[in-house]
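>>> sharing a model that was predicted from the sequence below.
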Amino acid sequence: MSELDLRINIERLSTRLADLSAIGAIEGTEGSARLALTDEDKAGRDLVVTWMKDLAMTVTVDGIGNVVGTMAGQSEGPPVMCGSHIDTVGTGGRYDGNLGVLAGLEVVETLTAAGITPYRPIAVAFFTDEEGARFAPDMLGSLVYVGGMALEEALDIEGIDGAIVGPELERIGYNGSSPLPGAVPHSFVELHIEQGPVLEVEGITVGAVESVQGISWTEVTVTGQSNHAGTTPISLRKDPGFVAGSCVQFARELALELGHPQVSTVGRIEFHPNLVNVVPASAVFTVDIRNTDETVLRQAEARFAEFLAATAEAEGCTVETRTLARFEPVPFDPAVVDLVESTSQRLGYSVKRMPSGAGHDAQMMARVCPTAMVFTPSVNGISHNPAEYTSPADLEAGANVMLQVMLSLASEDYQ
Ligand code: HGY
Ligand code: MN
Ligand code: MN
């Protein structure tokens, strides 16, 4: 069979997806909770490493816990790398991140079963803490892999639960020793679910992702004065809860005013002492602001900061802010995006060029090598939710496009 006719085995891929999502399974759903560097993350890592070894891949672990499995090529040069993440948010779905890693293993198994050794080696990576939900920023592992953050700084990061990255990596046995920044691949391809509604609404099978939008995460701490909920007149209050609530409302109004694709989310909010009859002493909340246009993103950040300062001052509260993540929009490599599009068309799949609303490890790999992404549709656009779903036919299409794109990149003719 010619390499051009090779296709993946969707039953094998679906079985691995099910086996991995059984780790940290969320009762009664297809989803999982495997927050970065937890015992569940360790168990997921151990399973994928076992699969890599079963496929006779050489496995390396670096100082931030990124794992790379490599299938030897005919040449010794830099590999064509694919991959994503296997850590999840607390209400994770079966496909977010996992698909890109397990489709990579499926590519290796398909090539091995066909007795094909590509000219270039094939590497499959899973990066540490892509979600950033426990330890900010997101894409932490791939950011360190490409030299965007020093390992020492990353190892000192404190999570939302007070745990520290370095000791947690050691505790789960993934404080590896392979060099950082990581070896630069020939190219990088990430298969990922869209996590939005576009492909499904337009009835399109594959997304040829051209860019990732800019991301701005800020943690805000508002401090006021705890007081009695019954006896304290409104005019005498210094209520950080009121300031936080006003900011939640403003974040939505700002996004609506700036218009699509501007989005804003207050995802985490904590009052102290968080009791029914106490005007809070303090409120801590996060705001996630994103846009494909860096100029508009900066305007949104400035508008939000202005509103926060004015509202806190009027309420007699003080404010501290901490940047958790800040990444500008990232364009992918036009030649690799073209290859994703032309490969999809050659395989007979409908395909659409589009930006990514979510952050991905590919946006970090794009700093060091030609990179692009392949999207598959998300049913009802749902993600970061155990109800996340992509049909086997769409999974198969995306994985076949990734297989064929990687074969093109791995051939001696591709420069
Ligand atoms: O937040 C994101 O976009 C990604 O899921 N880490
Ligand atoms: Mn993801
Ligand atoms: Mn995610």
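Okay, I see it. Ligands and ions are numbered 1, 2, ... in the order given.
>>> how many neighbours does the spatially closest residue to I116 that is not a sequence neighbour have?
Of all residues not flanking I116 in the chain, E3 sits nearest, at 6.2 Å (CB to CB, 6 or more residues apart in numbering). For glycine as for every other residue, the C-beta is placed from the backbone atoms N, C-alpha and C. When neighbours are counted by other CB atoms under 10 Å, E3 registers 15.
>>> torsion angles phi and psi at E3?
With angles defined as degrees, to the nearest 10, E3 sits at phi -50, psi -30.
>>> could you look up the SS state of whichever residue of the stretch 151-300 of the chain sits closest to ligand 2?
Residue nearest to ligand 2 within the stretch 151-300 of the chain: H192 (5.8 Å; CB to the ion). Following DSSP: H, G, I helix; E, B strand; the rest coil, H192 is assigned to strand.
>>> how about V144?
Applying three-state DSSP: V144 is helix.
>>> settle this for me: it is touching E130, isn't it.
No. Counting by CB atoms under 8 Å, V144 does not reach E130; the two are 11.8 Å apart.
>>> helices of the stretch 201-350 of the chain, start to end?
240-258, 294-314, 334-346 (DSSP state H, counting those that start in this stretch).
>>> tilt between the second one and helix 240-258?
Meaning helix 294-314. Angle of helix 294-314 versus helix 240-258, following axes from the mean of the first three to the mean of the last three CA atoms, to 10 degrees, is 150 degrees.
>>> elements contacting helix 294-314?
Other helices and strands packing on helix 294-314, by 3 or more CB pairs under 8 Å, 6 or more residues apart in numbering; DSSP states H and E, are strand 214-223, helix 240-258, strand 282-291, strand 318-327.
>>> could I get the last one in PDB with only the CA atoms?
What follows is strand 318-327, C-alpha atoms only, in PDB (Å, rounded to 0.1, in the frame of the first residue of the first chain):
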ATOM      1  CA  THR A 318      -7.700  48.600  47.800                       C
ATOM      2  CA  VAL A 319      -6.700  46.400  44.800                       C
ATOM      3  CA  GLU A 320      -3.700  44.200  44.000                       C
ATOM      4  CA  THR A 321      -3.400  42.500  40.600                       C
ATOM      5  CA  ARG A 322      -1.100  39.600  39.500                       C
ATOM      6  CA  THR A 323      -0.600  38.600  35.800                       C
ATOM      7  CA  LEU A 324      -1.100  34.900  35.500                       C
ATOM      8  CA  ALA A 325      -0.600  34.600  31.800                       C
ATOM      9  CA  ARG A 326      -0.100  36.900  28.900                       C
ATOM     10  CA  PHE A 327       0.500  35.600  25.300                       C
END
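>>> and that strand with helix 294-314, angle?
Going by the same axes, to 10 degrees, strand 318-327 makes 170 degrees with helix 294-314.
>>> try the first one
Using the same axes, to 10 degrees, the interaxial angle of strand 214-223 with respect to helix 294-314 works out to 10 degrees.
>>> put the alpha carbons of strand 214-223 into CSV.
Extracted in CSV, the C-alpha atoms of strand 214-223 (Å, rounded to 0.1, in the frame of the first residue of the first chain):
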residue,chain,number,x,y,z
GLY,A,214,-4.1,36.5,22.4
ILE,A,215,-4.7,35.5,26.0
SER,A,216,-4.6,37.7,29.1
TRP,A,217,-5.1,36.2,32.6
THR,A,218,-5.1,38.4,35.7
GLU,A,219,-5.7,37.5,39.4
VAL,A,220,-7.4,40.4,41.3
THR,A,221,-7.4,40.7,45.1
VAL,A,222,-9.8,43.4,46.4
THR,A,223,-9.5,44.2,50.1
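>>> avg pLDDT for it?
What strand 214-223 shows for mean pLDDT is 98.
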